[in-house]
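Novice: Pasting the sequence and the predicted model now:
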Amino acid sequence: MTPPASDDVEPPQIVVLDGGFSTQLSCHVGHVIDGDPLWSARFLHTHPNEVVNAHLDFLRAGAHLIITNTYQASVDGFVEHLGVTAEEGYDLIKRAAELAKKARDLYMEEYEEYIQTDHAPIVVGSVGPYGAHLHDGSEYDGSYADTTTVQSMREWHLPRIRALVEAGVELLALETIPCQEEAEMLCELLREFPGMKAWLSFSCKDDQSIAHGESFQKVAKKCWNLNPEQLVAVGVNCCTPSYVGKLLKGINDDRPDDPIPLIVYPNSGEKYNPQIGWIDRDKCEPVEVYIQEWLDMGVRYVGGCCRTYAADVSRIRNQVHCWRDRWRFQHKYSKTQNS
């Protein structure tokens, strides 16, 4: 990255995301979360205070934003698995945003002497993939795109997005999307909420392709071009950290003057075994070791997903600070050499 020519230009702003919500929530609840058909969304109904505390953990760790506990939330899912009415299910999605706002308010009260109101963390509405509510593993390969119409996916997504927008989230996270058709539909659906912006992040099965098999870079660029007015970033989440570099390499080579902002929040690299849970943590390099490389590649939103805790977010933020210091040093050195 070539530093700018003026001393008064600061390094690019980097947004630090939170981590794996269900992972951090597990520190507060004595219940199994993985494997539940509602996943962590069940706890909106049963343990709202613990949801608030999990959000607070990430804010205290240095996250610039918190993502609502709605990845696997849907009106139909709440009706089926909680026995509530459709109206109650809709309100429960709105409640997720209210709980995140409550956590932010508590955080701002704790640190009112240090944080200006105009730098308050923002609340982001999580919009996970259609396949998540099927509870059959198809969210990990996008196979439902072969049997589900785009219209069906659209009708499923719309109530949750509407509820989150009504509840006042400031941004949407269209996340862990495994297939091109769903991603394109979400970019178009976003136009029905003209005052709302979003990021779009894909789940990927290797260092070239999204989960359903399409080329990550081709799909990412196409989706960006479908709605550049409302998308703030495109990237990947909940993939193995070691895939990220190759997935992103060269994505903006053909647009040096107008690069697509990139977002990355991978999982820990662990594997999930349905019989015994998460395995191989000792074989994974920590997410923070990759951060400076990704920032050099143009990533401007960075955090963690499954199996990343608030402590990991603290380490990620430290790496962001180190990168910004290095950027300033390189800029100053470059200026000195050229003078």
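Specialist: Thanks, I have the structure now.
Novice: surely Ala311 meets Ala61?
Specialist: Yes: when contacts are counted by C-beta atoms under 8 Å, Ala311 is listed as touching Ala61 (6.9 Å). In this view, the C-beta of every residue, glycine as well, is placed from N, C-alpha and C.
Novice: between the two, who's got more neighbours?
Specialist: Ala61 (20 against 12; other C-beta atoms under 10 Å).
Novice: Which pLDDT value belongs to the more buried one?
Specialist: Looking at Ala61, its pLDDT reads 97.
Novice: And it, how far from Val219?
Specialist: Shown here: Ala61 relative to Val219, a distance of 32 Å by C-beta to C-beta, to the nearest Å.
Novice: Phi, psi for Leu38 please.
Specialist: Main-chain dihedrals, Leu38, degrees, to the nearest 10: phi -100, psi -10.
Novice: count of residues packed around it?
Specialist: 22.
Novice: so which strand or helix has the closest residue to it other than its chain neighbours?
Specialist: Nearest residue to Leu38 in three dimensions, chain neighbours excluded: His81, at 5.2 Å (C-beta to C-beta, 6 or more residues apart in numbering). Assigned by DSSP states H and E, His81 belongs to helix 75-82.
Novice: list the buried ones in the very next helix or strand once past that helix?
Specialist: Tracing the chain C-terminally past helix 75-82 and defining elements by DSSP H and E, one meets helix 86-110 next. By neighbour count on 16 or more other C-beta atoms under 10 Å, the buried set for helix 86-110 is 89-104, 107-108.
Novice: Whichever helix or strand comes after helix 86-110 vs helix 86-110, what angle?
Specialist: Counting by DSSP H and E, the next helix or strand C-terminal to helix 86-110 is strand 122-127. Angle, strand 122-127 to helix 86-110, by axes from the mean of the first three to the mean of the last three C-alpha atoms, to 10 degrees: 150 degrees.
Novice: Does anything pack onto whatever helix or strand comes next after strand 122-127? Which helices or strands?
Specialist: Using DSSP H and E, the helix or strand that follows strand 122-127 in sequence is helix 150-166. Here helix 150-166 touches helix 75-82, helix 86-110, strand 122-127, strand 171-177, helix 180-189, going by 3 or more C-beta pairs under 8 Å, 6 or more residues apart in numbering; DSSP states H and E.
Novice: possible to save these as TSV with mean pLDDT and distance to Trp224?
Specialist: Shown next, in TSV, are these (pLDDT from 0 to 100; distance: least, C-beta to C-beta, whole Å):
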stretch	mean pLDDT	distance to Trp224
helix 75-82	95	30
helix 86-110	97	26
strand 122-127	98	17
strand 171-177	98	12
helix 180-189	98	8
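Novice: on that earlier part again, and the residue nearest to Leu38, how many neighbours does it have?
Specialist: What His81 shows, counting by other C-beta under 10 Å, is a neighbour count of 18.
Novice: quick one: contacts for it?
Specialist: His81 makes contact with 37-38, 42 under the criterion C-beta atoms under 8 Å, 6 or more residues apart in numbering.
Novice: As TSV, those residues with pLDDT and distance to Glu113 would be great.
Specialist: Formatted as TSV, the contacts of His81 follow (pLDDT from 0 to 100; distance: C-beta to C-beta, whole Å):
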residue	pLDDT	distance to Glu113
Pro37	88	44
Leu38	91	39
Arg42	94	37
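Novice: so which of the residues you listed comes closest to Gly77?
Specialist: Nearest to Gly77 among those is Leu38, at 5.8 Å by C-beta to C-beta.
Novice: Quick check: Gly235 touching Ile210?
Specialist: No: Gly235 is beyond contact range of Ile210, at 11.4 Å (criterion: C-beta under 8 Å).
Novice: Give me the common contacts of those two.
Specialist: Phe202.
Novice: if we can go back for a sec, of all the helices and strands packed on helix 150-166, which one is nearest His135?
Specialist: helix 75-82 (8.6 Å).
Novice: on that earlier part again, between the helix holding His81 and helix 150-166, how many degrees?
Specialist: Calculated by the same axes, to 10 degrees, helix 75-82 forms an angle of 80 degrees with helix 150-166.
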